[in-house]
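Q: Pasted the sequence and its predicted model underneath.
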Amino acid sequence: MHPLPEGSWKTAVKFLTAGGIRTAALYALYVGLVYAGLHYNLALILDYILGALTGYLVNRFWTFASHGRTYRSFPKYCASCGILYLINLISLNLIVRLGFLDVVFGQVVALGVTTVINFLLLNFWVFRSKRVPLLNKES
């Protein structure tokens, strides 16, 4: 029994490739804004806004190759971005305020937390094909 439906490993590789490039660029933006003097929570908001705009297009058309209707997937995508933003915001603030890491390296840890949750939300909720069951029927 595999933990993910058939084809999900290929999707995971595409997600990590596209997401890795996008995340690196957005992280550079975040770091640049923080070093320019913008509060890290505001930098995170700008990072998420730009990331949501680019991420929807990349994930819908390439990573998950979704052929579903935009009016169904886009609201779910926006909701997942909101959930991820709150998780990232809470994680980053806990890391920074408890003194574990500064705002630059703390964001790296927060990204690690949100990446796994992001893949699960996008793969099993936002861009889920009706043909791919959530659970393996053979289990």
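A: Here it is on my side, so go on.

Q: drop to CA atoms for contacts and neighbour counts, all remaining ones
A: Noted.

Q: ok, Ala43 touching Leu33?
A: Yes: A contact is recorded between Ala43 and Leu33 when judged using CA atoms under 8 Å, the distance being 5.9 Å.

Q: which residues does the residue nearest to Leu111 when sequence neighbours are not counted contact?
A: Excluding the flanking residues, the one nearest Leu111 by CA to CA, 6 or more residues apart in numbering is Asn88, at 6.9 Å. With contact set as CA atoms under 8 Å, 6 or more residues apart in numbering, Asn88 has these partners: Ala110, Leu111, Val113, Thr114.

Q: name the element Asn88 belongs to?
A: Under the assignment given by DSSP states H and E, the secondary-structure element containing Asn88 is helix 70-97.

Q: how close does the residue most central in space within the chain get to Tyr48?
A: Ranked by distance to the mean C-alpha position of the chain (CA atoms, centre = their mean), the top residue is Asn118 at 3.9 Å. Shown here: Asn118 relative to Tyr48, a distance of 13 Å by CA to CA, to the nearest Å.

Q: and if you look at Ile87?
A: In this structure, Ile87 and Tyr48 are 12 Å apart, going by CA to CA.

Q: ok, these two, which is more surrounded?
A: Counted by other CA atoms under 10 Å, Ile87 and Tyr48 do not tie: Tyr48 has more neighbours, with 20 against 17.

Q: Torsion angles phi and psi at that one?
A: Tyr48 has phi and psi values of phi -70, psi -40 when expressed as degrees, to the nearest 10.

Q: tell me the contacts of it?
A: Taking CA under 8 Å, 6+ apart, we find Tyr48 in contact with Cys81, Tyr85.
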